[in-house]
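> I'd like to go over a predicted model; first the sequence, then the structure.
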Amino acid sequence: MSRPKKAETIVKLLSGYELDYTAITAKLSEKDIPMLNELAMRSPITIAARAVICLGWFASEEAIPGIEFAAKSDNSVLRLTAAHALSGLSNKRGAFELIGGLLDDDDVGVRKFALRTIHNAKIPGLKEKVRQVCHNDPSEQIRKLAEKVYERLTADG
Amino acid sequence: MAKHRATTAPRKTLKIHVKILTEPEGVTLRQMFSAMSKIYDTAGIDVVHASTQTLKNVETLNDLDIGQDGTDTPACRDNPTEEQNALAAFRSEVPEGEIVVYICRSLTNGNVGCATHPKGIPMAVVTATSPLYTMAHEVTHVLGRKGHFKKLDSTRLMNSAAIVDVEDAPLPILTASEINKIRSSPFLQ
């Protein structure tokens, strides 16, 4: 049984130019989720964002605190990373509300990744909210993306 | 520690065009080009910053999808994503065969760079907050050096880990085989 890894070991794993999360998460276990939550909350943005993505890969309710921290951060890149990471956690407690909240974000990149997560995770509960984005979002590109997502949700019933 | 290997082969020129979606933060364009020029000088390659353009109305490409979106296929492999293909269309007046480096706010997966590009349209993307040598690293991929040196070795440009701490650190190098490889790229003049 593997022990939880030290922060520096995980930071080293997350320090590449181009990252392969299949390989990275294969070296981690659920025991490392608390440290990933810590890194998501306390590290410089580059490592914090990568920790958030790893948390998303674990698809565990224990991963929600780090992602929630990122989703409520002042940093737009961290918020959009949370939106992206939530695609693997959409059925977990608290995730639905986080995704819905990110869809209302002031930042266009955050809204884009919230929409992509709703598309990929097929979240019918947010269909009405997506319909509103189709009509009301200030960005034409986001409205077009929302239309695609809405069509997908409608097709899926 | 690995040493720099100067080549005696005829000098070549590498022209790089920059398209900005988000202005660089921390490391400036001048610093990126200066670092790259020093490294490429040892390969007998002169790096030319050919042009800079700020792109407008591309807000949804500013946080670029480079892949591994809920799949097991790693990002930045052989096939560009739909968004990388869309970004590649913004080449206005860049001559065929010259490399464009796009500077985006962020890339999916927290990557700081990616060199995957449509066939025949040489490009790389780096983030506005990427470390000093990221542009040099990614362009080296575009020039044909695939993959990374597996063992962590910050003396090498094609190290698998991004070289973040550059204060007083020696300039990372290209190995002789890497130099041979990139000098044969069709994207050099």
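Perfect, thanks for sending it.

> Quick check: residues of chain A near chain B?
With C-beta under 8 Å from any C-beta of the partner chain as the criterion, chain A meets chain B at residues A:12, A:14-23, A:45-46, A:49-50, A:52-53, A:76-77, A:80-81, A:84, A:87-88, A:108-109, A:112-113, A:116, A:120, A:139, A:141-142, A:145. Quick note: C-beta positions are derived from backbone N, CA and C, even for glycine.

> Give me the below-cutoff pLDDT ranges for chain B.
B:1-7, B:69-74, B:149-152, B:160-168 (pLDDT under 70).

> how close does the spatially most central residue of chain A get to residue B:172?
In chain A, the centroid-proximal residue (C-alpha atoms, centre = their mean) is residue A:85; its distance is 2.3 Å. For residue A:85, the distance to residue B:172 equals 31 Å [C-beta to C-beta, to the nearest Å].

> can you check residue A:104 too?
Using C-beta to C-beta, one gets 44 Å for the distance from residue A:104 to residue B:172.

> I'd like the C-alpha coordinates of the host helix or strand of residue A:116 written as PDB, please.
If you go by DSSP states H and E, residue A:116 is part of helix A:108-121. In PDB, the C-alpha atoms belonging to helix A:108-121 read as follows (Å, rounded to 0.1, in the frame of the first residue of the first chain):
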ATOM      1  CA  VAL A 108     -15.500  34.800 -20.900                       C
ATOM      2  CA  GLY A 109     -12.900  32.000 -20.500                       C
ATOM      3  CA  VAL A 110     -14.500  30.800 -17.300                       C
ATOM      4  CA  ARG A 111     -18.000  30.700 -19.000                       C
ATOM      5  CA  LYS A 112     -16.500  28.900 -22.000                       C
ATOM      6  CA  PHE A 113     -15.100  26.100 -19.800                       C
ATOM      7  CA  ALA A 114     -18.200  25.900 -17.700                       C
ATOM      8  CA  LEU A 115     -20.200  25.300 -20.900                       C
ATOM      9  CA  ARG A 116     -17.700  22.700 -22.100                       C
ATOM     10  CA  THR A 117     -18.100  20.900 -18.800                       C
ATOM     11  CA  ILE A 118     -21.900  20.900 -19.100                       C
ATOM     12  CA  HIS A 119     -21.500  19.600 -22.600                       C
ATOM     13  CA  ASN A 120     -19.000  16.800 -21.800                       C
ATOM     14  CA  ALA A 121     -20.700  15.800 -18.600                       C
END
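
> quick one, strands of chain B?
Ranges of strands in chain B, per DSSP state E, are B:12-20, B:45-54, B:63-64, B:99-104, B:106-107, B:113-114, B:123-127.

> tell me the most buried of those strands?
Sort the strands of chain B by mean neighbour count, taking mean count of other C-beta atoms under 10 Å in any protein chain shown, and strand B:113-114 sits at the top with a mean of 28.

> Which residues are in contact with the most centrally placed residue in chain B?
Central residue of chain B (C-alpha atoms, centre = their mean): residue B:138, 2.5 Å from the mean position. The contact partners of residue B:138, by C-beta atoms under 8 Å, 6 or more residues apart in numbering or on different chains, come to A:17, B:101, B:113-115, B:124-126.

> what's the distance between it and residue A:104?
For residue B:138, the distance to residue A:104 (C-beta to C-beta) stands at 35 Å.

> Equivalent analysis for residue A:17, please.
From residue A:17 to residue A:104 the distance is 34 Å (C-beta to C-beta).

> which one of those two has more residues nearby?
residue A:17 (25 against 12; other C-beta atoms under 10 Å in any protein chain shown).

> Backbone dihedrals for that one, both of them.
Note on residue A:17: its backbone torsions stand at phi -70, psi -50 [degrees, to the nearest 10].

> So it is in contact with residue B:109, correct?
No. Counting by C-beta atoms under 8 Å, residue A:17 sits too far from residue B:109 to count as a contact (11.2 Å).

> Please, where are all the helices along chain A?
For chain A, the helices defined by DSSP state H cover A:7-13, A:21-26, A:33-42, A:45-58, A:64-71, A:76-85, A:95-102, A:108-121, A:127-136, A:140-155.

> Out of those helices, the one nearest residue B:34 is which?
Closest to residue B:34 of the helices of chain A, according to C-beta to C-beta: helix A:45-58, at 22.2 Å.

> Spatially nearest residue to residue 58 (excluding sequence neighbours)?
Picking chain A for this. residue A:33 (5.9 Å; C-beta to C-beta, 6 or more residues apart in numbering or on different chains).

> actually it's chain B I care about, not the one you picked
Nearest to residue B:58 is residue B:21, by C-beta to C-beta, 6+ apart, at 5.9 Å.

> same question, residue A:75
residue A:45 (6.1 Å).

> who's in contact with the one you found?
A:75, A:77-78, B:129.

> just residue B:178 next, same as before
Listed by C-beta under 8 Å, 6+ apart, the contact partners of residue B:178 are B:43, B:140, B:145, B:157-158.

> For the residues you listed, pick the one with the most neighbours.
Going by other C-beta under 10 Å, residue B:43 tops the contacts of residue B:178 with 28 neighbours.

> thinking it is in contact with residue B:182, fair?
Yes. Residue B:43 lies in contact with residue B:182 (C-beta under 8 Å); the separation is 6.4 Å.
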